[in-house]
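Enquirer: Below are the sequence and a predicted model for it; my questions follow.
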Amino acid sequence: MKKISVDHLARVEGNGGISATIDGKIVSDVKFSIYEGPRLIEKLTIGRTPEEDVSMSPRICAICSVSHKNAVLRAMENALDVKVSPKSYLLRELMHMGEFIESHSLHTFYLALPDFLGFPNAIAMASKYEFEVKIALEMKHFGNHIMKTINGRYIHGENAVIGGFGKYPAREELLQIKTRAIHFMPFVFKTVNLFCGIDYPDCPDAPTLYACCEPGDNKFGFWGDEILLSTGKTFHRDDYKKLTNEFVVSHSFAKHSLYQDKPYSVGALARIVNLGERLEGEAGKMYKKYYSSKWKSNPFFHNAARSLEILYSFERIPELVDEILKLKEDKSIVDYSAENGKGTGLVEAPRGLLIHHHEITDKLVSQVDIITPTAQNAEDIERYCHVAAQKLLDEGKEDQIRDRMDIIVRAFDPCISCSAHMAEVRNAPKNNWKMQLEEVTQKGDPAFIGVGNPTLSDDGAGIKLARELKNAGIQDVLLESEIEQDEDLWINDSDRPLIFLDAVDFNEDPGKVTLLPLHLILNNTSLSHRLLPTVSGLINYSKMKNTYVLGIQPDSLQKGNQLSAPVEKALNEIREQLTNIREQ
Amino acid sequence: MNKDKLKIGIYELTGCAGCALLITDCEMELIDIFNAADIQSFLMVKSDNIEGELDIALVEGSVTTENEIEELKDIRERAKVVVAFGLCASVGGIQARFGNKEWKENYQKIYGDMEMTHTKPVQSKPIDAYIDVDLYLPGCPVGKEQFLHFFTRVLKGAPPEKYPRPVCVTCKYNENDCLLNKGIPCLGPLTADGCGSICPNHNLPCTGCWGPAEGANPTSEYFLLKEKGFDIEAIKKRMSNYSGTKLAEFFEQFKKESK
Ligand code: SF4
Ligand code: SF4
Ligand code: SF4
């Protein structure tokens, strides 16, 4: 009988979650993929009415279904120029709090805590932390209860509609929510002290940029009409594409995003880094007590940030209920007459900035663009995992890589199924560079640049190889000394792969060959590469992702112009391989 | 391992994870569920999963990649009873509305020509396009009450209950004012029951998220809707949102009976 297991699934085509490839002493590749199939949601609602779109598009993700609902509603109401009543507005905020409480308590107690307390899963943890596990479940249930009361169902509730709500919840139901929120407070404080007090493992320093909604009025909050970056820069909602720049990658059905060619992070940590100063009340006190600059460069602090947000939500709920009950009754749905328009809605889902853009032409949906938090975090997830994996490998702790990557991916809370154990560490097959080289050449005809110092024996391998390739009639091969003459070829032509040929000390047997994506070397603590100062200023991140170093492990770097025998042998192999590929 | 407990596996193909999430949303019942049955595999909540013989497999999601076809066939081989769990598994979900050609065009618009290295995508289909299915629990997501009913009945060895009625039946029990009388096009008459008529309870029309009702009387509904002056084309379009690949069958019957 055949078996399916996470590992099996993860191995079929290489990916379910995160995988790292280890080639000797280096981590040569890290891929984060969403293994679920493509659903083409953005195309499904084209030609439907705005109401049908509001019902269908949250079906992207159940775990954030209320965030999707609020995002699509904000987009539609911007597009159709609808202003909901203050009561509807506040009720939507209340149901948003429900999702934060539900999602954050599930994540922190059930997925993250076992990691940091050293248990394999929450059930194993329950024997020692019975109280926490039980109350956390009640807290999660309370979050669901809020969503159900206001939106009609736990998942994919339909009560929130364009213009307001089908029916408002009863006064008694709201009062009950308020009372229960107050009853949870002692446990909520415990939660903050627990998650802010954990001694999180160090993460190799890899600072990033953080993005979240700007709630306005110098307030903390979970939506807004602008995007705020940790640099202080803001964008109006309609300019969201200046931040996200989505692109397709071949290893996942989820698109990736880059800002100015750099990865960025969204989520609880982004909100606390960007907006934490604005927290008031008890949440403000706790922020002052625990927040430090350390949080900024270590994704594990996402969990501490989540606990602060749980507290913020529990403080906000009684306020919200009071405000709602003060308002007088209204019709619950505002009518609208617009038949055309386009609008963007920004909200913070528990896992980060969520963007919905919907366009209406002649009463029907004509264009939809949805950008999810996990798509925006994907590049950073890969980057953090790579840095951490390489560090462990350098320290000789290869056996810890899988678990560490697991925890890093989980810290971003991509979604429940992705954050279950899905990390995989692979050893690259022998002569992996040959396969990789074939893959790279399939993307386009590469240009080559040979670099090195021919007066230091094996350090001249790159230069010698480039000369030999030229002689063998291969096109577009440059020497280091010719770089300036032909900048066009390697800087501007971004579709073609670029391969540097060089001697690289990666701690292997002399003559061993490896093919490394340049953006990985940039992250790499163990490979110091002389090319980088020149190159990193000149080529942008996406070009860098299409740039490689074909490295040959040198034997000797003594003065002299002779190559050692193993390196000489490697050059022959490479030349042969390249001419073979070119001939195919 | 407990010998006399039912061995159950819960699997997710392509969907929004809502149906599986619904099981974890039965917080207060969850511990009982885990005690009453032997949950062998449930990726969303546990990592020590065992993939062997099963009494019941609950499958969420539709089939959209070649890997999933393989996975599904393997589940069928191992399980005595396979349940299509949720609308995606039962009819293909909202993502199954496109015909093959339309699907290809739209796929291209989103992903371009890039070849995926991890698996090959296929047009979304319900699980019964590839394997025999013993029972359907539709709903987007499955109803909590419906799931708990189903679960307790099979635990006791009783056959699971079917819901061969449209939403209107429950809506009547709930004493709602019929929205059709107010000129609001409600899909209740054509949609499978099981949600407790939540939308009409909130003064909102049913959008059909349980999929087509098996035991509905489409002919009389057809005349009813027509008589009330609703645009039948718009109704069909609405109906197609949550009917996946089963829409064609449904309207086939519709047409036949209305002749
Ligand atoms: S049926 Fe609906 S709730 Fe269930 S997985 Fe599919 S889209 Fe999600
Ligand atoms: S409101 Fe809708 S579900 Fe209720 S009886 Fe009327 S048509 Fe049927
Ligand atoms: S859309 Fe229809 S089937 Fe779905 S929850 Fe609403 S009333 Fe029930």
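Expert: Everything's here; your move. Treat the numbers as computed from the prediction; the structure is a model and nothing was measured. Ligands and ions are numbered 1, 2, ... in the order given.

Enquirer: And the pLDDT at B:Phe254?
Expert: Note for B:Phe254: predicted pLDDT of 61.

Enquirer: again with A:Met1
Expert: 20.

Enquirer: For residue 153, give me its contacts.
Expert: Because you didn't say which chain, this covers chain A. With contact taken as CB atoms under 8 Å, 6 or more residues apart in numbering or on different chains, A:Arg153 is in contact with A:147, B:195, B:198. In this view, the C-beta of every residue, glycine as well, is placed from N, C-alpha and C.

Enquirer: try chain B instead
Expert: Here B:Arg153 is in contact with B:159-161 (criterion: CB under 8 Å, 6+ apart).

Enquirer: buried ones in the helix or strand it falls within?
Expert: Using DSSP states H and E, B:Arg153 sits within helix B:144-155. Across helix B:144-155, burial judged by 16 or more other CB atoms under 10 Å in any protein chain shown covers B:144, B:146-147, B:149-151, B:154.

Enquirer: Which single residue of the stretch 101-250 of chain A ends up nearest chain B?
Expert: Nearest residue of the stretch 101-250 of chain A to chain B (CB to the nearest CB) works out as A:Gly166 at 3.6 Å.

Enquirer: Could you give the backbone dihedrals for that residue?
Expert: The phi and psi torsions at A:Gly166 (degrees, to the nearest 10) take the values phi -60, psi -40.

Enquirer: Can you identify the element that follows the longest helix along chain A toward the C-terminus?
Expert: Longest helix in chain A by number of residues (criterion: DSSP state H): helix A:171-197. Moving toward the C-terminus from helix A:171-197, the next helix or strand (DSSP H and E) is strand A:209-214.

Enquirer: tell me what that next one is packed against?
Expert: strand A:226-229, strand A:264-265, helix A:268-275, strand A:341-349, strand A:352-361 (3 or more CB pairs under 8 Å, 6 or more residues apart in numbering or on different chains; DSSP states H and E).

Enquirer: how many other residues sit next to B:Gln23?
Expert: Not quite, residue B:23 is Ile, not Gln. 24 (other CB atoms under 10 Å in any protein chain shown).

Enquirer: residue contacts, it?
Expert: B:Ile23 makes contacts with B:10, B:30, B:33, B:42, B:147, as judged by CB under 8 Å, 6+ apart.

Enquirer: Quick one: these as a markdown table, columns for secondary structure, distance to A:Asp403 and pLDDT too.
Expert: What follows is these, written out as a markdown table (DSSP: H, G, I helix; E, B strand; the rest coil; distance: CB to CB, whole Å; pLDDT from 0 to 100):
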| residue | secondary structure | distance to A:Asp403 | pLDDT |
| --- | --- | --- | --- |
| B:Ile10 | strand | 25 | 91 |
| B:Leu30 | helix | 26 | 73 |
| B:Ile33 | helix | 29 | 78 |
| B:Phe42 | strand | 21 | 83 |
| B:Phe147 | helix | 34 | 89 |
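
Enquirer: which of the residues you listed come close to ligand 3?
Expert: Among the contacts of B:Ile23, none lies close to ligand 3 by the criterion of CB under 6 Å from any ligand atom.

Enquirer: how about those residues in a markdown table, adding distance to B:Gly92?
Expert: Shown next, in a markdown table, are the contacts of B:Ile23 (distance: CB to CB, whole Å):
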| residue | distance to B:Gly92 |
| --- | --- |
| B:Ile10 | 19 |
| B:Leu30 | 29 |
| B:Ile33 | 27 |
| B:Phe42 | 23 |
| B:Phe147 | 20 |
